[in-house]
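J.: Model the structure of this input:
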Amino acid sequence: MTATTFAVRGTGSRQLAGTGTLLRFALRRDRAMVPIWVGVNALMVLSMPNTLKGLYGTAAERADLVGQMATNASLRAMTGPVFGDSLGALTAWRVGVYAGALAAVMSLLIVVRHTRDEEESGRQEMISAGMVGRRAPLTAALLTAAVADAVLALVIAGGLAGQGAGGALALGLAIAGVGMVFATMAAIVAQFTESARLARGLTAGLLGAAFVLRAAGDSATDDGSSVLTWVSPIGWLENLRPFAAERWWVLLLFAGAVVAQGTVAYGLAGRRDVGMSFLPSRPGPAQGRLGTAGALAWRLQRGSVLGWSIGFLLAGVVYGGMTEGAADLVGDNDNAREIFQRMGGQSGLTDAFLAAMVGMLGLVAALHIVASVLRLHGEETSGRAEPVLANAVGRLRWAAGHLAIAFGGSVLLMLLAGLGLAAGYGRDFGPVLAACLVQLPAIWVIGGVAVLLHGASPRLATAAWGVAGAVLLIGWIGPALDVPQAVLDVSPFGHLPKLPGGEMQWTPVLLLTGLAVALVAAGLAGLRRRDVLSS
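T.: Next comes the predicted model:
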């Protein structure tokens, strides 16, 4: 992909001056983030053939799985339809949708980081004062996302080549295509808002809408032919049909969307001043509602809390509705039953499935608490915290407002998840709700790590994402790969009782809660001692 892909009328070489330098700088800044995202996504995809081979070792078992999926609308909504019974086709079915979504998240984060984040911090204004073209920053950001997606596509295509070179290439290109569609979408959204956080949230919301549209379409049909599926870029991925008589022409949809959205982003970027947006922020109320640090923290994070809350409630309803269908799908497959039991405990299959889904929701809630805690980091590095702290507001009181939302918000999310699961399943309200709430100590430990890292140094704060990502990887992929229990125990979630169905154990719950308290206390002590923006 070249810079001229997105060229619009009137864009000359001066408009792109400095693109190469900015690209090298962006790749250097992302030298840790991009490999982690690519590695985690590729590992999820490349590990799946061996996992499926262990679960469905014979052609008859795989054919039976395909037949059952044709009649299981709830599971099709989560993973899409199956178009073949080969290990490659089953891999594309099982992880294709999620790999595409992860590529989209990676790409939108890259683009927003190197466009709106730079403008919001003021760095872009200084860079633009040099010999840098108006559209060079946007070009560099899109090329950085393109490099990351291209590497991901190559790794997946090479790793799955043994299952069929054509199918492996199709799956890699489709996943990268989803990533680039949302990269260019983020480039457009970044033109309309002055806040990088809002740009990320809006683009993530569009990704969620694309997932919901695809899920609704796939639940209605078993061949991906629904109009709702075709409206979603994630639906294009599955309709490319890797490893199952590939429809190569579907790649034209990705290319067309990328070019069209990129052209719009370029046109908008050329019509506004640096730091400005087409939808500028409105001034808040003159008095009354922002009189305390806690009120300010709530004002800053209320949109995020609302979005996550809706997502967890809906996810709970969907997972609850899948429970009976999952039990039917596993049937007598001992290997599949063993994986669910490793994730959800040695109990009945239905309870084990519910426990596994509760655990997954807990892992995702850990991402929320990290994001919410690191709002402290964003306020400090952007310079907005300094004017607040210059008034009669102590550091601990300033931090307490954000931490109350982070840790209290995790309670709200798991409560809503429990309500959704119980509503979708239609029974066992009390045990399901208790199972969700028992995840909180592990979630708080991850939040405590984020507080500790930020309190020690602003430069260390973003490492909390690596901790949360590692925990998510262990909990998501570890049981399927049959990793040793010692590895699973690295995650705080590995020590929680497996509810519902398992026996409640208070000792690990109390120990994890105490550890979370200690981590938060240590982090706040570090924040109190160090200088603002000091390492």
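J.: what bits of this protein have low per-residue confidence?
T.: Scanning the chain with the threshold set as pLDDT under 70 gives 1-13, 124, 129, 273-291, 324-349, 479-483, 533-535.
J.: Most remote residue from the middle of it, which is it?
T.: Largest separation from the mean C-alpha position in the chain: Ala392, at 37.5 Å (Cα atoms, centre = their mean).
J.: Look at it and give its secondary structure.
T.: coil (DSSP: H, G, I helix; E, B strand; the rest coil).
J.: So it versus Thr292, what's the distance?
T.: 11 Å (Cβ to Cβ, to the nearest Å). In this view, the C-beta of every residue, glycine as well, is placed from N, C-alpha and C.
J.: next one: Thr513
T.: Separation of Thr513 from Thr292 (Cβ to Cβ): 27 Å.
J.: higher neighbour count, these two?
T.: With neighbours defined as other Cβ atoms under 10 Å, Thr513 and Thr292 compare such that Thr513 has more, 16 against 12.
J.: Please point out which parts of the helix or strand where that one lies sit buried.
T.: In the assignment (DSSP states H and E), Thr513 maps to helix 506-529. Buried residues in helix 506-529, defined by neighbour count with 16 or more other Cβ atoms under 10 Å: 508-509, 512-513, 515-516, 519-520, 523-524, 526-527.
J.: what helices or strands is it leaning on?
T.: Contacts defined by 3 or more Cβ pairs under 8 Å, 6 or more residues apart in numbering; DSSP states H and E place helix 506-529 against helix 395-425, helix 440-456.
J.: Buried deepest among these, which one?
T.: Greatest average neighbour count among the helices and strands packed on helix 506-529 goes to helix 440-456 (a mean of 26), per mean count of other Cβ atoms under 10 Å.
J.: Format the helices and strands packed on helix 506-529 as a markdown table; extra columns: distance to Gln191.
T.: Listed next are these as a markdown table, based on distance: least, Cβ to Cβ, whole Å:
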| stretch | distance to Gln191 |
| --- | --- |
| helix 395-425 | 28 |
| helix 440-456 | 30 |
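J.: Among those, which comes closest to Phe182?
T.: Nearest to Phe182 among the helices and strands packed on helix 506-529 is helix 395-425; the distance by Cβ to Cβ comes to 23.9 Å.
J.: what's the following helix or strand after that closest one?
T.: Following helix 395-425 in sequence, per DSSP H and E, is helix 429-437.
J.: Tell me how many other residues surround Gly394.
T.: Around Gly394 there are 11 residues (other Cβ under 10 Å).
J.: Apologies, that question was intended for Asp64.
T.: So Asp64, with other Cβ under 10 Å, has 16 neighbours.
J.: now it: how far from Tyr56?
T.: Asp64 is 8 Å from Tyr56, by Cβ to Cβ.
J.: Gly18 too?
T.: With distances taken as Cβ to Cβ, Gly18 is found 53 Å from Tyr56.
J.: Which residue ranges of the stretch 101-250 of the chain form helices?
T.: Assigned helices in the stretch 101-250 of the chain, in chain order: 116-121, 123-128, 136-159, 165-189, 196-220, 227-231, 233-239 (criterion: DSSP state H, counting those that start in this stretch).
J.: which ones are touching the closest residue to Leu488 other than its chain neighbours?
T.: Nearest non-adjacent residue to Leu488, counting by Cβ to Cβ, 6 or more residues apart in numbering: Gly494, 4.4 Å away. By Cβ atoms under 8 Å, 6 or more residues apart in numbering, the contact set of Gly494 is 474-475, 485, 488.
J.: what's the farthest-apart pair in those residues?
T.: Spatial extent of the contacts of Gly494 (Cβ to Cβ) is set by the pair Gly475 and Gln485 at 13.2 Å.
J.: between these two, which one's more packed in?
T.: Set Gly475 next to Gln485 and count neighbours by other Cβ under 10 Å: Gly475 wins out with 23 against 9.
J.: my read: that one touches Val490, true?
T.: No: judged on Cβ atoms under 8 Å, Gly475 makes no contact with Val490 at a distance of 10.3 Å.
J.: Leaving out sequence neighbours, find the closest residue to Ala104.
T.: Distances taken as Cβ to Cβ, 6+ apart put Phe182 closest to Ala104, at 3.8 Å, once the chain neighbours are dropped.
J.: Which helix or which strand is home to Gly256?
T.: Gly256 belongs to helix 251-269, assigned by DSSP H and E.
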